[in-house]
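Colleague: Sequence plus the predicted model coming up.
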Amino acid sequence: MNKLVRMFIIQWSTLLQYRANIVLWLISEIMPPLIAMIIWYRVAQAAPEQARPSDILAYYIFVIVVSLVTQAWTGFFLAREILDGQIAQDLMRPLSLFWRHIMNHLAEKLLKLIFPVIIVSVFLIFWPSILFPTPPSLSQILLFFASLLLATVLSFMISACLGLLAFWLENAYQILRFKDLLEELGSGRLIPFALLPPATYTLLSLLPFRHTVSVPIEILLGQIQGHRALLFLGYQLAWIMALVLLASWEWKRGLKRYAVPAQ
Amino acid sequence: MPSQPSETLPAPVSPMKASSLRRLFRIWRSLAKASLMADITFRFNFLLGIIRQGLWLLVFVLMIEVMFRNINSLVGWQKSEVLIILALSRLIEGAMHTFIIPNLIHLVFEAVPNGTFDFHLTKPLPVQFYTAFRQASTESLGNVIAGILLLFYALSLQAQAPSVSQSILFLFLLVLSAFIYYSLLLITAVLIFYLERFQGIWGFWSIFSEPLTVPFTIFPRTPRLIMTYLLPLAFIVFVPAQAITGKISWSYLPVALLITIVMLLITNIAWRAGLRRYSSASS
């Protein structure tokens, strides 16, 4: 445990050297959902029967908050370390490199959490009715936090599984960029699930990405209710377990065939 | 000056001639050609890039389809007109990612941090020209192609074909748009001379590119005015799109021209100031 704490502190202080960068990363992460929010808000103004403008506003404020919490960049770094041979150092260390990545992830999240917390508190204090057109029940709030936690783990696992492909593919970065595309669409960031035509809705629900952003919000805003909410938590858990198995399989198989690139 | 055997080397060019547009164009053409050829040998990457950009286009088209499922026009823009905006954004961004942005990425992540920018200074070429145009990349050619195809498709959906006068105005504005986009990119890239670890600069570039795909009339008044005159993003895609759809008249051209000139002036002042700050990497 002590080792993990120390590892976290190292990751945290490395991250702090890049403060200005992080602010810009943050803004560029917020931009796409912000633009999408304005588009769907205008669409809802013109055709309120499908979704009310106030619903769109609430949904997208939470999209921004939840994506900041759940987004993971682990896969990119994992791929880079595998491709340039850096993981050889980790193999000699007393702790698995996964712990380093998890700690890096936690440090990053903790730093970025500052912004979602500010956004949510400002709205809660000044415009609570924008955030919650209908106030959520306590069980909805609890289920939301459970689902948010699972979403964070799931997003991390998706990214890690794709990053580990670098053992086999020199183009792992390319794969990660395809993931960005699917994620943008499949997570409900670009088009809210509530507005999708039925066929696309079903198709995109088969991907794991809906469970990384949209599902917690749908639970909080009451679009997924009662025992269906529990069912969705089950889906999230199932995805996580499948991906943990996949990642450990990739790791074992990958290490067997791994040759460190010559320096 | 070292003595040169004049029969083997071309006569030294005068500074005036050195930056004559024709010479720069010829140099750029051969630089771009060489790097595109080198790039295309990595066929797999090239192919994946095209597939990815094709998929992105489909995603955006899907988004527009969903938008117009229940409405006929969005803040005064019809579906085919929104498709024109999308097409233009693909085209212009594709062009920037082909010719300019890879070079600025090189500047920010490689040349300045590692001090190889020294070599940019010693080339017998204007430094800004060499920095911004030294290579071209095939990675985003897919967007250029997709943009052109979609533009013609969207224009064919229009009830009325654009008039000759509209088309000429559009082409003028499109050229100015490239200059304005170039200026915005370069002004932000210059920051690397001041903040050598500030590689988050690319974040600015995604901030610039995000709003390009939508009609600016969706924005509330204040952000819209800011993005039109202060940070003239509107002139990159939205204003040319207004021209080809007949929503603005020729009276807009002087405004666009003025903004372009101001932006280019700021770019050059910023660039020169940046160069004076450059101190190479210690070694």
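Modeller: The structure has been received and is ready for your questions.

Colleague: how much space between the residue lying closest to residue A:123 once chain neighbours are set aside and residue B:218?
Modeller: Among residues not flanking residue A:123 along the chain, residue A:131 sits closest, at 4.4 Å (C-beta to C-beta, 6 or more residues apart in numbering or on different chains). For the C-beta atoms, the positions are set from N, CA and C on the backbone; glycine is no exception. Distance, residue A:131 to residue B:218, by C-beta to C-beta, to the nearest Å: 22 Å.

Colleague: hmm, back to that, isn't the residue nearest to residue A:123 up against residue A:124?
Modeller: Yes - using C-beta atoms under 8 Å, residue A:131 is in contact with residue A:124, at 6.4 Å.

Colleague: Look at the two and report which has more neighbours.
Modeller: For residue A:131 versus residue A:124, neighbours defined as other C-beta atoms under 10 Å in any protein chain shown are more numerous around residue A:131 (21 against 12).

Colleague: Tell me the residues of the stretch 1-150 of chain B that contact chain A?
Modeller: Within the stretch 1-150 of chain B, the positions adjacent to chain A are B:44-45, B:48, B:52, B:55-56, B:59, B:62-63, B:66-67, B:69-71, B:73-75 by C-beta under 8 Å from any C-beta of the partner chain.

Colleague: Narrow those to those in helices?
Modeller: For those, membership in helices holds for B:44-45, B:48, B:52, B:55-56, B:59, B:62-63, B:66-67, with DSSP state H as the criterion.

Colleague: TSV for those residues, including pLDDT and neighbour count?
Modeller: Listed next are these as TSV, based on pLDDT from 0 to 100; neighbours: other C-beta atoms under 10 Å in any protein chain shown:
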residue	pLDDT	neighbour count
B:44	77	10
B:45	75	18
B:48	83	18
B:52	89	19
B:55	92	15
B:56	91	18
B:59	93	16
B:62	93	16
B:63	93	20
B:66	93	19
B:67	92	21
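
Colleague: closest to residue A:226 among those?
Modeller: residue B:66 (27.9 Å; C-beta to C-beta).

Colleague: Now do the contacts for that closest one.
Modeller: Counting by C-beta atoms under 8 Å, 6 or more residues apart in numbering or on different chains, residue B:66 touches A:191, A:195-197.

Colleague: same thing with residue B:196?
Modeller: The contact partners of residue B:196, taken as C-beta under 8 Å, 6+ apart, are B:112-113.

Colleague: Let me know the distance separating it from chain A.
Modeller: Per C-beta to the nearest C-beta, to the nearest Å, residue B:196 is found 12 Å from chain A.

Colleague: State whether that residue is indeed within a helix.
Modeller: No - assessed by DSSP: H, G, I helix; E, B strand; the rest coil, residue B:196 does not belong to a helix; its assignment is coil.

Colleague: Show the backbone phi and psi for it.
Modeller: The phi/psi pair for residue B:196 (degrees, to the nearest 10) reads phi -70, psi -20.

Colleague: Quick check, pLDDT for it.
Modeller: Residue B:196 is assigned a pLDDT of 71 by the prediction.

Colleague: do the same with residue B:14
Modeller: On the pLDDT scale, residue B:14 gets 54.

Colleague: Please apply the same query to residue B:261.
Modeller: According to the prediction, residue B:261 has pLDDT 96.

Colleague: by contact count, what packs against the helix or strand where it lies?
Modeller: Taking DSSP states H and E as the criterion, residue B:261 maps to helix B:252-277. With contacts taken as 3 or more C-beta pairs under 8 Å, 6 or more residues apart in numbering or on different chains; DSSP states H and E, helix B:252-277 sits against helix B:127-133, helix B:164-189, helix B:191-194, helix B:238-244.

Colleague: Can you tell me which of those helices is most buried?
Modeller: helix B:238-244 (a mean of 26; mean count of other C-beta atoms under 10 Å in any protein chain shown).

Colleague: dump the residue contacts of the closest residue to residue A:113 other than its chain neighbours.
Modeller: The shortest distance from residue A:113 to any non-neighbouring residue, by C-beta to C-beta, 6+ apart, is to residue A:69 (6.7 Å). For residue A:69, the contacting residues are A:109, A:112-113, A:116, A:148, A:151-152, by C-beta under 8 Å, 6+ apart.

Colleague: And the residue of the stretch 1-150 of chain B found nearest chain A, what's its pLDDT?
Modeller: Closest approach between the stretch 1-150 of chain B and chain A, counting by C-beta to the nearest C-beta: residue B:70, at 3.9 Å. As predicted, residue B:70 sits at a pLDDT of 84.

Colleague: From residue A:41, how far off is it?
Modeller: Distance from residue B:70 to residue A:41, by C-beta to C-beta: 14 Å.

Colleague: which residue ranges form the helices in chain A?
Modeller: Applying DSSP H to chain A gives helices spanning A:2-16, A:19-46, A:53-70, A:74-84, A:87-91, A:97-126, A:128-131, A:138-164, A:172-186, A:198-205, A:214-220, A:226-257.

Colleague: Could you dump the ones you listed into a markdown table and include mean pLDDT?
Modeller: Output for the helices of chain A, formatted as a markdown table (pLDDT from 0 to 100):
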| stretch | mean pLDDT |
| --- | --- |
| helix A:2-16 | 75 |
| helix A:19-46 | 87 |
| helix A:53-70 | 91 |
| helix A:74-84 | 85 |
| helix A:87-91 | 75 |
| helix A:97-126 | 82 |
| helix A:128-131 | 82 |
| helix A:138-164 | 93 |
| helix A:172-186 | 88 |
| helix A:198-205 | 93 |
| helix A:214-220 | 94 |
| helix A:226-257 | 91 |
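
Colleague: Could I get the contacting residues of the closest residue to residue A:232 other than its chain neighbours?
Modeller: Setting aside the residues directly before and after it, residue A:232 is nearest to residue A:215 in space (C-beta to C-beta, 6+ apart), at 5.2 Å. Residue A:215 makes contacts with A:147, A:151, A:224, A:232, A:235-236, as judged by C-beta under 8 Å, 6+ apart.
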